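*Asks:* Let's see this in three dimensions:
(chains A and B)
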Amino acid sequence: MAEWQRTHTCGELRESHVGQTVTLNGWVLISRKFGNQVFVDLRDRYGLTQVVFEADAEELFKTADRMGREWVLSVTGVVRPRVEGKERADIATGKVEVEAKALTVLNHCPPLPFSVTEFPDEEPANEDLRLQYRYLDLRRRSLQQVLTLRHRMNKVIRDHLDAKGFLELETPLLGKSTPEGARDYLVPSRVFNGEFFALPQSPQLYKQLLMISGYDRYFQIARCLRDEDLRADRQPEFTQLDVEMSFVERDDVLGLMESLSADILQKCLGLTIPTPFPRLKYADAVLRYGSDKPDLRFGLEIVDVSDIAGESDFTVFKSVLAAGGVVRGINAKGAADKFSNSQLKPGGDLPKVVEVYKAKGLAWMKAEGDKLTGSIEKFFPDAVKAKLKERLGVQPGDLLLFVADKEAVAADALGALRTHLGSALKLYTNWWDEKAAWDATEAAAAKKEKRPARPFTLRPEHFNFLWVTDFPMFGWDEEENRWAAMHHPFTGPMDEDVPHLETNPGKVRAKAYDLVLNGYEVGGGSIRIHRQDVQNTVFKLLGMELDEAKKRFGFLLDALQSGAPPHGGIALGLDRWCMILAGTTNIRDVIAFPKNQKARDLMTGAPALVDARQLRDLGIKFS
RNA sequence: GGGGACGUAGCUCAAUUGGUUAGAGUACCGGACUGUCGAUCCGGUGGUUGCGGGUUCGAGUCCCGUCGUCCUCGCCA
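*Replies:* From the prediction side, this is the model:
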């Protein structure tokens, strides 16, 4: 062992180590000169230890006085208790310090573009700067904690599935482009000029083939790649827990995921969450919450009032209904005085929320005493008002909001409005907001009372799981003027809907399910088609003639008639899981080296131009 | 492809209605200091206001263009 190598980590020393000579390796978080001592906080990912350089050790003292932040040190010294009354309750090593006897400066460090040290009241540097110097950003305590959490989550998953007999199997990255779904990232072949591999959007086809091969319980923590526009919760490459099982029905998959989810929350966060999770059919989710991934931490349900609106004299409502649209509303209980007229009128906060989804406007009424008021009230006869009040459960002080539009527009708009209202009216809070408030007050109190700060306690209700089931099998693609698979073309139809496949595809429901956590889609899967004839019918419906399907998926069609067992599975979006468990709303915060919003890596600069020679080898020319 | 927000010192931000030499905190450099711990105190360095053009006696501020970042609709089976 080299003489500078550590004997302990920076988070390890306690009173029991007093008197021992130890060697620590780490980074200088900060150093403070005060009279005859230089105090250096030495940091590694395990913690923080105070190292003291005394003035009588002249050479050491002089070097220590010159040291800057982020120098890399090896310090050998003696563990001693801190001076009485100077112990720190808020850090694990706070009862002791190390008196330096020898120092090796392993590396210097110039002042960095931004601070690695984090303070509660300090904004972190701009994200693009942090992404450019991601290796420095990753030194920050909060990111180290997130990546540690992510490791723990992966470990729980592997242990859990291994214990249940699942095999972790790998599938290729270089595959074949498939026509359905997202845009592929393509990889040109040097050997076959003009031909391309596609990076996988998911291991979907391979895992089905593994089932046919008899590996009846498979999983993989797999990277997936999709060349589509990004969002706060989307990256071009992301990680899925991919799972597939044979000889199972839907409830087997859901049950497995419930026990896995409970295990993750137990072992990562110490939380016991109730199982089984509630289930909601897709049609109900869209009708009552305006979303296929509703956040059920709060109520505020959407109510259809089309029939009642038809009895009013309000031409806006009546013309929408005549055109086949719907009128739906939300009763924001007790919110009549929470929004000003300027927030409600066209161009105001609330109408803006629905306009994003192409809704033509937002109508409203307020319940003042027994009366309904507002500009559209006059179009509603008393008898119709009474029906409206009953349908929406109106009480004095309520605010009623209505959208009249095509069904899909009304659902989307009211779904977004519901989320907006839930947040604005504080019907729910994200746990990290509660934690931030707790930490601020608790830290102050703890300092005053000279005691350790009590950590924020998570509660099971901070994590609201939900299954959404019974998705439609197909959706009509307006652009391409054809049916498109809602989930993917291998999703099995519900048995009782099979007869409608060719007569009424829009009515066919799929054996598909999504897992929703706090309004985020964190998983999705289905029971697959395991019969070639059904698969052929589906391809035909999707506008793929048999020989075309054979060209694209021939291997799968052959496999399906080579003894395919009934099978199904699911994929969990682990980045989103980690994001919610870590308490952030930005997926980049839980990925070590993420891409930016335009899918560029700001640190390496990728994607980038390549040498002309590389292009020539690949047979690629740009016009 | 559309909509929105933002871009000022290394970093985080301020700068009144278009008006003096663009400020503060922090970082950095120098000094003081016998138990500091986000030390404190004193002093100092640091600016192409993203870039280009325009309006004006005068532009960080207004206009046009452009680049970049984030959020979002479309898109993402």
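*Asks:* Contact partners for the residue lying farthest from the centre of chain A?
*Replies:* Within chain A, the residue lying farthest from the chain centre (C-alpha atoms, centre = their mean) is residue A:56, at 54.4 Å. Each residue near residue A:56 by C-beta atoms under 8 Å, 6 or more residues apart in numbering is listed here: residue A:36. All C-beta spots, glycine's among them, are computed from the backbone N, C-alpha and C.
*Asks:* By mean pLDDT, point me to the weakest helix or strand of chain A.
*Replies:* Every helix and strand in chain A was compared by mean pLDDT, DSSP states H and E; the lowest is helix A:431-449, with a mean of 81.
*Asks:* Can you list the buried residues in it?
*Replies:* Buried residues in helix A:431-449, defined by neighbour count with 16 or more other C-beta atoms under 10 Å: A:431, A:432, A:434, A:435, A:438, A:442.
*Asks:* looking at this, the residue farthest from the centre of chain A is in a strand?
*Replies:* No - counting by DSSP: H, G, I helix; E, B strand; the rest coil, residue A:56 falls outside a strand, being coil.
*Asks:* Touching the least confident helix or strand of chain A from outside, list them.
*Replies:* With C-beta under 8 Å, 6+ apart as the contact definition, helix A:431-449 has outside contacts at A:89, A:90, A:120, A:452, A:453, A:454, A:456, A:458, A:459, A:462, A:583, A:584.
*Asks:* Mind checking what helix or strand follows it in sequence?
*Replies:* Downstream of helix A:431-449, the first helix or strand assigned by DSSP states H and E is strand A:465-469.
*Asks:* So which residues on the stretch 151-300 of chain A come close to RNA strand B?
*Replies:* Within the stretch 151-300 of chain A, the positions adjacent to RNA strand B are A:180-182, A:201-202, A:204, A:226, A:228-234 by C-beta under 7 Å from any atom of the strand.
*Asks:* Sort these by pLDDT and name the bottom one.
*Replies:* Across those, the smallest pLDDT goes to residue A:180, namely 77.
*Asks:* For that residue, give me its contacts.
*Replies:* Counting by C-beta under 8 Å, 6+ apart, residue A:180 touches A:484, A:485, A:488, A:489, A:542.
*Asks:* count of residues packed around residue A:243?
*Replies:* 24 (other C-beta atoms under 10 Å).
*Asks:* With residue A:467 instead?
*Replies:* 19.
*Asks:* cool, residue A:168 as well?
*Replies:* Other residues near residue A:168 come to 12 when the count uses other C-beta under 10 Å.
*Asks:* Can you show me the helices along the stretch 51-200 of chain A?
*Replies:* Assigned by DSSP state H, counting those that start in this stretch, the stretch 51-200 of chain A shows helices spanning A:58-66, A:127-132, A:134-137, A:141-163.
*Asks:* List the contacts of residue A:112.
*Replies:* A:69, A:70, A:133, A:136.
*Asks:* Next one: the closest residue to the second one other than its chain neighbours, what pLDDT does it get?
*Replies:* Read it as residue A:70. Spatial nearest neighbour of residue A:70, excluding adjacent residues (C-beta to C-beta, 6 or more residues apart in numbering): residue A:109 at 4.0 Å. The model reports residue A:109 with a pLDDT of 95.
*Asks:* Residue A:109 and residue A:73, how far apart?
*Replies:* Distance, residue A:109 to residue A:73, using C-beta to C-beta, to the nearest Å: 11 Å.
*Asks:* Of these two, which one has the most company?
*Replies:* Neighbours around residue A:109 and residue A:73, counted as other C-beta under 10 Å, are more numerous at residue A:73. The numbers are 22 against 15.
*Asks:* Wait, the more buried one touches residue A:102, no?
*Replies:* No - with contact defined as C-beta atoms under 8 Å, residue A:73 does not reach residue A:102; the gap is 10.6 Å.
*Asks:* Could you say which helix or strand holds residue A:328?
*Replies:* Going by DSSP H and E, residue A:328 is in strand A:326-332.
*Asks:* same for that strand, what does it pack against?
*Replies:* Packing partners of strand A:326-332 (3 or more C-beta pairs under 8 Å, 6 or more residues apart in numbering; DSSP states H and E): strand A:302-304, helix A:306-309, helix A:315-322, strand A:399-405, helix A:407-424.
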